[in-house]
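# 3D model of this:
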Amino acid sequence: MAGPAGPALGIARGVELLLALFALWFGPHQQPAAAGLAERAAAREGQRYRVLIDLPPPAGKAAPLPKIYGDDDTRPLVMIDPGHGGRDPGAIGIDRLREKDLTLKTARAIGNALLETGRVRVAYTREDDRFVILQERYAVARRLGAALFLSIHCDSAPDREAGGASVYTLSETASDAQAARLAARENRADILAGMDLNRQTPAISSILIDLAQRQTMEQSAAFARLLGREARGHIPEKAMFHRMASLIVLKAPDMPSILFETGYISNPRDAAFLNSPAGRVQIAQSVARAVRIYFARRAQIR
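Predicted coordinates:
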C-alpha cells in the first residue's frame, strides 16, 4: 500500500532499508545497528509503513564435531566426506543402487585403510544416513584442522557404457562439458533441504573462488595426480582421470581437497565393482597409497 509520499519509498529511505537488510543477512554481529536503521527509516514514514524483520534465534551450542580416529595428535588429519545422505540419495544406479549408500561404505573402507597405515588420523563428515549441507562438509573439516579433504561420490549417466573413476579439483571454470554438468548436479544438493545455498551473485562466487589460494589448488592437483597414478591398474579409470570444476564442497581456501568419483553405478561393471567389498578394498588401498606418498612429500618440502 502506498504512503503519503507516493507509491514507493524515497530513494534515500529505500537505500537505507536495503543497507539494513544487507547487514542483517551478511553480518549477524551487525544486527542491532541494522535493526536500528530499519526502525528509523520506518518511523520517518509516519507509521504508515511497518518493517518486520525476522531475526534468527540466538545461536546455541555449536553442533558437536565428528569423532577423530587415531590417537597420535601429531599425525595429519584426513577428513573423508561420503557424498549425499539422508533425503538426498544421490545418483540411482543399476538394481536401484543408491549413491549415498555406496559412498558411505567406500568412505569407511578408505578410513580403515588409512588408519591401518598408522600415518594419519581420520574423521568423517557423516557416519550414518544423514543429510549434511555442502558448506558444512568442508567447514567442519576446517574446524578440525584437517590437512586433506576427500569427498567420495559415484557417477551416473544415461549411457550404460560410460564408466571409470575420475577425480575433480577446484577451478573457476570446468575443464570440460562433463565436468560442468557434474558441478551443476552436485552443487544442487542443498536445495533438497529447502535451502538453496548456491544462489549467490557472480561477485560473491568470484570472491569464493579467489579465496582458494593458488598454493592450496596446486596441492589438491598434486594429490589428484598421485591418486590417478596409484589407482591405475587397480580400479577402472576414465581416460581423462583428473578434471576440474567449480564444486562448492571443494571451496575451502586453505585445505587441499578433491572429489573422487569412484565409478558409474549406471555401468554394470562399475556397479558390481563398487558394490563388492573386494572392489572397495582396491579403491581404499589406492587412496591410502596416494595419501602416504602425498604427506611424505609434504614433510620433505617442509
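
# only C-alpha atoms from now on, for both contacts and neighbour counts.
OK.

# longest helix of this structure?
helix 277-301 (DSSP state H).

# which strands or helices does that one pack on?
Contacts defined by 3 or more C-alpha pairs under 8 Å, 6 or more residues apart in numbering; DSSP states H and E place helix 277-301 against helix 99-117, helix 214-231, helix 268-274.

# out of the ones you listed, which gets the lowest mean score?
Note on these: lowest mean pLDDT is at helix 214-231, with a mean of 92.

# what comes up buried for that one?
216-217, 219-221, 223-228, 230-231 (16 or more other C-alpha atoms under 10 Å).

# can I get these in CSV with distance to residue 293?
Formatted as CSV, the buried residues of helix 214-231 follow (distance: C-alpha to C-alpha, whole Å):
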residue, distance to residue 293
216, 17
217, 18
219, 13
220, 13
221, 14
223, 9
224, 12
225, 11
226, 8
227, 10
228, 13
230, 10
231, 13
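
# quick revisit: what sits up against the longest helix of the chain?
Helix 277-301 is touched from outside by 105-106, 109-111, 113-114, 117, 119, 222-223, 226-227, 230-231, 234-235, 262, 273-274, with contacts defined as C-alpha atoms under 8 Å, 6 or more residues apart in numbering.

# in that helix, what counts as buried?
279-291, 294-295.

# most widely separated two among these?
279 and 295 (24.8 Å; C-alpha to C-alpha).

# break this structure down into its domains, please.
1-60, 77-301 (automatic domain parsing).

# let's have the helices and strands packed on helix 277-301 in TSV, adding distance to residue 152.
Below are these laid out as TSV (distance: least, C-alpha to C-alpha, whole Å):
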stretch	distance to residue 152
helix 99-117	6
helix 214-231	13
helix 268-274	12
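
# nearest to residue 78, of the ones you listed?
helix 99-117 (8.7 Å).

# which strands or helices does the next helix or strand after the closest one pack on?
Where DSSP states H and E defines the elements, the next helix or strand beyond helix 99-117 is strand 121-124. With contacts taken as 3+ C-alpha pairs under 8 Å, 6+ apart, strand 121-124 sits against strand 77-82, helix 99-117.

# figure out which of those is closest to residue 68.
strand 77-82 (8.2 Å).

# name every strand pairing with that closest one and say which way it goes.
strand 121-124 (parallel), strand 148-155 (parallel) (DSSP bridges).

# what angle do it and helix 99-117 make?
If you take axes from the mean of the first three to the mean of the last three C-alpha atoms, to 10 degrees, strand 77-82 sits at 160 degrees to helix 99-117.

# buried by neighbour count: which residues of strand 77-82 qualify?
Quick answer for strand 77-82 (16+ other C-alpha under 10 Å): 77, 78, 79, 80, 81, 82.

# same check on stretch 145-160?
For stretch 145-160, a neighbour-count test (16+ other C-alpha under 10 Å) marks 146, 147, 148, 149, 150, 151, 152, 153, 154, 155, 156, 160 as buried.

# same check, this time on stretch 109-125
Using 16+ other C-alpha under 10 Å as the test for burial, stretch 109-125 gives 109-114, 119-125.

# ends of that stretch, how far apart?
15 Å (C-alpha to C-alpha, to the nearest Å).

# nearest to residue 90, of the strands paired with strand 77-82?
Closest among the strands paired with strand 77-82, using C-alpha to C-alpha: strand 148-155, at 8.3 Å.

# extract the C-alpha trace of that closest one and format it as PDB.
Output for strand 148-155, consisting of C-alpha atoms alone and laid out as PDB, is shown next (Å, rounded to 0.1, in the frame of the first residue of the first chain):
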ATOM      1  CA  LEU A 148      43.300 -33.100   3.400                       C
ATOM      2  CA  PHE A 149      39.700 -33.400   2.400                       C
ATOM      3  CA  LEU A 150      38.400 -36.400   0.300                       C
ATOM      4  CA  SER A 151      34.800 -36.200  -0.900                       C
ATOM      5  CA  ILE A 152      33.600 -39.600  -2.100                       C
ATOM      6  CA  HIS A 153      31.000 -40.000  -4.800                       C
ATOM      7  CA  CYS A 154      29.700 -42.200  -7.600                       C
ATOM      8  CA  ASP A 155      28.800 -41.100 -11.100                       C
END
